[in-house]
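Below are the sequence and a predicted model; questions follow.
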Amino acid sequence: MEPIAFWRAGGTGLRQALNTKKNASPYYYDIGAYLPGDTVAAAYYPGSASAAEGVPVTPATDGWRFDGWNTKADGSGDSFGPATPITKNMVLYGQWSPKPIDVVFDLDGGEMPGENEGDPASSDPIVQHSEALKTVTAPEGTPVREGYSFMGWSTEQGSLIPNFDGDEQLWEEPDDTRTYYAVWVPNPKTEVTVKTENITDPKAEHPQVDDKLVTTVTASNTGDPTSYWQGVNVSVPLPAGVDLMDEPITVERPDGTPQTLDPKDVYDPETRTVSLRIGDVPGDSQVKVHIPTKVNGKALPPKSNEPTDPSDPDDPNPTDPFDPQVDISVKVTGENPDGSPVEELQREAPTPGSEQVLPANPDPTVTKEVTNVTRGDVTDAQVGDLLRYTVTVANDHPYSELKDAVASDLLPLGLDLVPDTVKVTYPDGAQEAMDPADVYHDETHTLTVPVGNIFGGEKVVVTFEAKVNRSAVDEATPEAHDIGNVATVDGNTPEDKKGEQQQSQKIFPSGWIKFAIPQPTVAKTVIDDDHPNGYYEGDQVTYSIEAGNSQPGTAWEDVVVHDTLPDGLAMVATSLTLIHPDGTQERLARDLYDPETRELTVPIGTIQGGEVWRVTFACDLSKPANGTAVVNRASASGTGFGLTDPSGDGSSGIQSGGIVAVDAAGIAEIKTVQDPYAENEANGSDLVAPVKKALRSVAVIPATGDRVVDGALTVSLAFGAAACATMAVLRRRRAADR
């Protein structure tokens, strides 16, 4: 038998037997493993060798370099090559070593700083010589690139995500080289804008206490879309003059998704700081934060500024400007993608007009009391009794101001003011006696007392005395029988705007029955149904007559509305309508209007206190023959319940009721009736007719009931003087002869 050589690739790896006998079939053993020391498969596979005779083709396996054959497994024997004679059976062992691999770190546009300070940076690739089965250690130092963050290394060039793994072993690599590329992510380009708006009054020249402010912080990353502003935080330390409102803080995310935050979760009351963790802001996007605050009373200067130490800035001189401290500052921080800090951005969000903060709008109240000085409040008042009135004007709203306040009292005709009794007590306790010549108008029986500015929590008290005169019970003066009266207060807001008038309850001396005759009102208005900008011949106009009774608890009875149409008006008889106080409408009969006398007579009946009835009708408008204005006067007549005295001079002490006339009137005027409206034509056809539209600027003057209409319309109301007396009576009865 010819000798056989066994080729062993690795200690337990490739086995290959070669029969040297001529033309004999070779024997082959499968490699079965790729690394020395691995378990070798015992299976026998023919056909796995690449040569039939001689030294086998150089074996190969991933990660290993074949170094030749040796008679010893550990390589300590004789080397064997193609020229080595075979004289006996031999076992040859393949010799292997890990494959050399170069590891290249490509800075991909960046630079590696020098090892020592002052050494030049290098952009050359960093090459490490290694071999299979070894792990890779990243280069020391951190590459740098202007405008970018170094995030690590990746085997994919241009990747934004590193995949370097220091525990990974090198193995088979293309061209025996593994290349890592520096991962660069663009740094953000940051911008912050802030704006504070006055939501309560956007047009206000200066903010007021209680005004709602909203500060909007816009944090933008205008950089590359692949950049991101990491870990953005918004910090807002609130100045002393504003407080965080108990309303949600709104965050608009880059994707447009709104988010609401509970202020309690983001506000530290000790430091008065709002701290918001916004998160990441990607490139080419922004985040908006809306923070609601309210101006507080600390924004107001002290009413008295008299420092004891002028050198102390906390106790300034009266001439030193006061800082309201309502301007809001914002600080925004964040990081680059590599965690390095982005430059902190601080912005100021001044409140419009913040150099001065005005007090809040006032909440004035006025109360009134009366005491019978002559006989006390346990018996009925008599003619000649002295009554003392106390009018208290208060402003209950904290940190507010009622400016230029004026207390007024329209004294009933049945009372006479006692001169030199008008006194004012101011909030600091100081009293001032008022000259009646300055505060009382005898003809109108009106007391008008300026009480100055009233700050929140303060009050001013006005006292005066009056005597009951004979007219309060004289049947000849029924208009003086009601001696109940009301006090009012007028004033301005801190912005010098006219405030709403407040009035007290109506009060009466003790023992008097709180019942008065009705207080009638009649008002008349007119609108052009066809054109909103004027009155034209041929138009249809609609008149409205309002008849009301403003005195609660009374009844204006047997009310009849009268109206005589002047030249220029032609009644549309089918338009007569009566509108009840509850809004229901009643079509009226045509015969209520007499075409010959041009008189309209509409019976209404009883109008209870607080009710308003309305008569409406339409007319065709033409120019009066004499070219004058179209003046139309409406009136209403009725009766009320007044006082009579059986003795005629009040000596009986018995007061009884009687029927008195109660009338009122109002006027509507169309100053100019213009020529017929010229309708424009387009393409031979009329344009769409104007929409019917009522005039909007109608205002009621509370003192007289007059109405004023902008444009060609003027309305005035004359309160009926036949019996506008109001009086409390002991009992009510209807006259026997009614």
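Sure, I can see it. All values derive from a computational prediction rather than experimental measurement. Numbering: from 1, shown residues only.

low pLDDT regions in the chain?
Counting by pLDDT under 70, the chain has low-confidence residues at 1-56, 304-320, 378-379, 474-475, 511-517, 551-554, 641-660, 679-738.

What ranges does it have for its helices?
Here the chain has its helices, by DSSP state H, at 263-266, 436-439.

The last one - contacts with which helices or strands?
The contact analysis (3 or more C-beta pairs under 8 Å, 6 or more residues apart in numbering; DSSP states H and E) places helix 436-439 against strand 446-455. Where you see a C-beta, it was placed from the backbone N, CA and C, and this is true even at glycine.

buried ones in the strand it packs on?
For strand 446-455, burial by neighbour count (16 or more other C-beta atoms under 10 Å) applies to 447-449, 451, 453-455.

Likewise for stretch 579-595?
Buried residues in stretch 579-595 (16+ other C-beta under 10 Å): 579, 588, 592-593.

Show me the contact partners of it.
571, 573-574, 576-578, 599-602, 611-617 (C-beta atoms under 8 Å, 6 or more residues apart in numbering).

let's see 6 Å
Stretch 579-595 is contacted from outside by 571, 573, 576-578, 600-602, 611, 614, using C-beta atoms under 6 Å, 6 or more residues apart in numbering.

Show me which of the buried residues of strand 446-455 is closest to residue 71.
residue 455 (113.6 Å; C-beta to C-beta).

roughly how far apart are residue 343 and residue 334?
As for residue 343, its distance to residue 334 is 9 Å (criterion: C-beta to C-beta, to the nearest Å).

quick one, which of those two is more surrounded?
Higher neighbour count among residue 343 and residue 334: residue 334, with 24 against 7, using other C-beta atoms under 10 Å.

mind checking how far that one is from residue 293?
From residue 334 to residue 293 the distance is 24 Å (C-beta to C-beta).

before we move on, what about residue 63?
68 Å.

For beta bridges, what are the partners of the residue lying closest to residue 286 once chain neighbours are set aside?
Spatial nearest neighbour of residue 286, excluding adjacent residues (C-beta to C-beta, 6 or more residues apart in numbering): residue 220 at 4.0 Å. Taking DSSP bridges as the rule, residue 220 bridges to residue 191, residue 286.

how many neighbours does the closest residue in space to residue 120 that isn't next to it in sequence have?
Excluding its sequence neighbours, the residue lying closest to residue 120 (C-beta to C-beta, 6+ apart) is residue 114, at 5.7 Å. If you count neighbours by other C-beta under 10 Å, residue 114 ends up with 12.

Make residue 1 into 54 and carry on from there
Okay, residue one is now 54; in that scheme the one you just asked about reads as residue 167.

circling back: most tightly packed of the helices of the chain?
helix 489-492 (a mean of 14; mean count of other C-beta atoms under 10 Å).

List the contacts of that helix.
Helix 489-492 has contacts (C-beta under 6 Å, 6+ apart) with 472, 475, 501-502.

repeat that for 10 Å
Helix 489-492 has contacts (C-beta atoms under 10 Å, 6 or more residues apart in numbering) with 459-462, 470-475, 477, 495, 499-503, 515, 517.

Could you do stretch 396-403 as well?
Stretch 396-403 is contacted from outside by 243-250, 266, 268-272, 286-289, 344, 379-387, using C-beta under 10 Å, 6+ apart.

Now list the buried members of the residues you listed.
Buried subset of the contacts of stretch 396-403 (neighbour count, 16+ other C-beta under 10 Å): 243, 245, 247, 249, 266, 268-272, 286-289, 344, 379-385, 387.

What separation is there between residue 287 and residue 326?
Applying C-beta to C-beta to residue 287 and residue 326 gives a distance of 11 Å.

Need the residues touching each of these two.
With C-beta under 10 Å, 6+ apart as the test, residue 287 and residue 326 both reach 319, 384.

Reformat the helices of the chain as a markdown table; add distance to residue 173.
What follows is the helices of the chain, written out as a markdown table (distance: least, C-beta to C-beta, whole Å):
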| stretch | distance to residue 173 |
| --- | --- |
| helix 316-319 | 48 |
| helix 489-492 | 93 |
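
Number of residues surrounding residue 563?
Applying other C-beta under 10 Å, we find 16 residues neighbouring residue 563.

domain ranges for the protein?
What automatic domain parsing lists as the domains of the chain is 57-151, 154-239, 243-356+375-402, 417-556, 573-730+741-771.

Output these in JSON lines; the columns should cover distance to residue 563.
Below are the domains of the chain laid out as JSON lines (distance: least, C-beta to C-beta, whole Å):
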{"stretch": "domain 57-151", "distance to residue 563": "116"}
{"stretch": "domain 154-239", "distance to residue 563": "87"}
{"stretch": "domain 243-356+375-402", "distance to residue 563": "39"}
{"stretch": "domain 417-556", "distance to residue 563": "4"}
{"stretch": "domain 573-730+741-771", "distance to residue 563": "16"}
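
List just the one of those domains that sits closest to residue 410.
Residue 410 lies closest to domain 243-356+375-402 among these, at 3.9 Å (C-beta to C-beta).

so how far is the first residue of the closest one from its last?
18 Å (C-alpha to C-alpha, to the nearest Å).

Please apply the same query to stretch 294-305.
End residues of stretch 294-305 are separated by 27 Å (C-alpha to C-alpha).

and what of stretch 636-654?
End-to-end distance of stretch 636-654 (C-alpha to C-alpha): 21 Å.

what about the strands in the stretch 304-453 of the chain?
Along the stretch 304-453 of the chain, the stretches classed as strands by DSSP state E, counting those that start in this stretch are 311-314, 320-321, 326-335, 338-348, 381-388, 398-402, 417-425, 439-448.

and the second one, what other elements does it pack with?
In other words, strand 320-321. Secondary-structure packing of strand 320-321 (3 or more C-beta pairs under 10 Å, 6 or more residues apart in numbering; DSSP states H and E): strand 326-335.

coming back round to it: more neighbours: which of residue 116 and residue 346?
residue 346 (26 against 18).

Not counting residues beside it along the chain, what's closest to the more buried one?
residue 295 (4.3 Å).

partner residues bridging the one you found?
Applying DSSP bridges, one finds that residue 295 bridges with residue 348.

didn't it look like it was pressed against residue 267?
No. Here residue 295 does not reach residue 267: they are 11.2 Å apart, not a contact under C-beta atoms under 10 Å.
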